[in-house]
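In: Task: produce atomic coordinates for the following.
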Amino acid sequence: MTLTHTLSSLRRMIIGIALLTMAAACNTTRTATNQQHAGNTQQQSADNHTLAFLRKTTDNAVYARHINAKADVSVDGKSLPVTTQMQTTQGKMIRLSLTALGLMEVGRLEMTPTDVLIIDRVHKQYARQTYDKVKFMAQNGLNFYTLEALLRNQLFLPGHTAVGEANIEQFTLQQPTAAQHEVTICHKAGNMDYTWTATPSTAQIVSTTIVLHDAKQGNSTLQWNYADFVSMGKKHYPTTHNIQVNIAGKKPRQRNMLIHLGKINTTTDYSAPTAPSSRYEEVDIDELFQSIFAQ
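Out: Model prediction:
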């Protein structure tokens, strides 16, 4: 797999994060009865249970500000021929560095709250743009905080930087059934549905699903599964991220990316955003994405 295909795989992962999911039976209905007081009491009890569970879910977020790790990445069952290093600083940066033979960085993907940067060191090119100017990100509501929440195994709300008491009531809850043992957390925003499944006892998120509904093109989906949790302070963090993307359209595409994280370090200090060399050519980020995706 060449550098071009490697960067293409990373691009597919980013697009997939913006394409979003099956929110089955997330709407709740209320039936009027003659026993209004009893009904209100039951509803209040259900609401309290929902809020308690959601608070427990958000409280599972790891405290670590920095999460850095070596990432073994495979795409559609094929391992990338480069070493991938993940470096994240909460609220500031997500960086994936691609190194050939463990010696030379050949590519870099870097996201901050304001923009996204891609560097191709082999061809001495780079592209930097704000999220609202990157077509596929703007169209699908993708930003830094969505990606950060997915990587950190947390709930998120489009357009918000975090989930807390001020917006936690925007989620609904679906209890386990005989066929599904996890609790389902749901949120709907426009033509996108978001669902998270969490364990009933610990409220730990084990999967995130996002569906982008399109009457003409069909539904595109992202399934992000978490496994192999390890202790991180008093919290737990998944070291295996299994990402499945289905992109609808005239030529439907399906991709699977498996990420195993090792040598996790939570003490590394913040590294300032990258400043591309003056010797590098700046290119349009959408054109760069399109040329990569066409390979």
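In: drop to CA atoms for contacts and neighbour counts, all remaining ones
Out: OK.
In: Quick one: the strands in the stretch 151-295 of the chain, in order.
Out: Secondary structure of the stretch 151-295 of the chain by DSSP state E, counting those that start in this stretch: the strands cover 172-174, 183-189, 192-198, 205-212, 220-232, 235-247, 253-265, 281-282.
In: Quick check, Thr172 in contact with His187.
Out: Yes. If you go by CA atoms under 8 Å, Thr172 and His187 touch, sitting 6.6 Å apart.
In: circling back: out of the strands of the stretch 151-295 of the chain, which is closest to Val73?
Out: Val73 lies closest to strand 253-265 among these, at 4.7 Å (CA to CA).
In: Give the buried residues for stretch 229-249.
Out: Within stretch 229-249, the residues that qualify as buried are 232, 236-248, counting by 16 or more other CA atoms under 10 Å.
In: quick one: contacts of it?
Out: 13, 16, 19, 60-64, 152-153, 217-228, 252-262 (CA atoms under 8 Å, 6 or more residues apart in numbering).
In: what about stretch 266-278, average pLDDT?
Out: What stretch 266-278 shows for mean pLDDT is 84.
In: can you give me the offset of it from its chain's centre?
Out: In terms of CA atoms, centre = their mean, to the nearest Å, the centre of stretch 266-278 is set 22 Å apart from its chain centre.
In: List the buried residues in that stretch.
Out: Going by neighbour count (16+ other CA under 10 Å), the buried part of stretch 266-278 is 266, 276.
In: Tell me the span between the first and last residue of that stretch.
Out: Using CA to CA, to the nearest Å, one end of stretch 266-278 lies 32 Å from the other.
In: who's in contact with stretch 71-84?
Out: Taking CA under 8 Å, 6+ apart as the rule, stretch 71-84 contacts 1-2, 6, 9, 70, 85-86, 96-102, 255-262.
In: Now do it: distance from first to last residue.
Out: Across stretch 71-84, the terminal residues are separated by 5 Å (CA to CA).
In: What strand or helix carries the residue sitting nearest the centre point of the chain?
Out: In the chain, the residue lying closest to the centroid (CA atoms, centre = their mean) is Leu150, at 3.0 Å. In this assignment (DSSP states H and E), Leu150 forms part of helix 144-151.
In: and that helix with strand 220-232, angle?
Out: 60 degrees (axes from the mean of the first three to the mean of the last three CA atoms, to 10 degrees).
In: helices and strands around helix 144-151, which ones?
Out: If you count contacts as 3 or more CA pairs under 8 Å, 6 or more residues apart in numbering; DSSP states H and E, helix 144-151 packs onto no helix or strand.
In: before we move on, back to that, what subset of the contacts of stretch 71-84 is buried?
Out: Among the contacts of stretch 71-84, those scoring as buried are 6, 9, 70, 85-86, 96-99, 255-261 (criterion: 16+ other CA under 10 Å).
In: quick one: contacts for Gln85?
Out: Gln85 neighbours (CA under 8 Å, 6+ apart): 68-71, 95-98.
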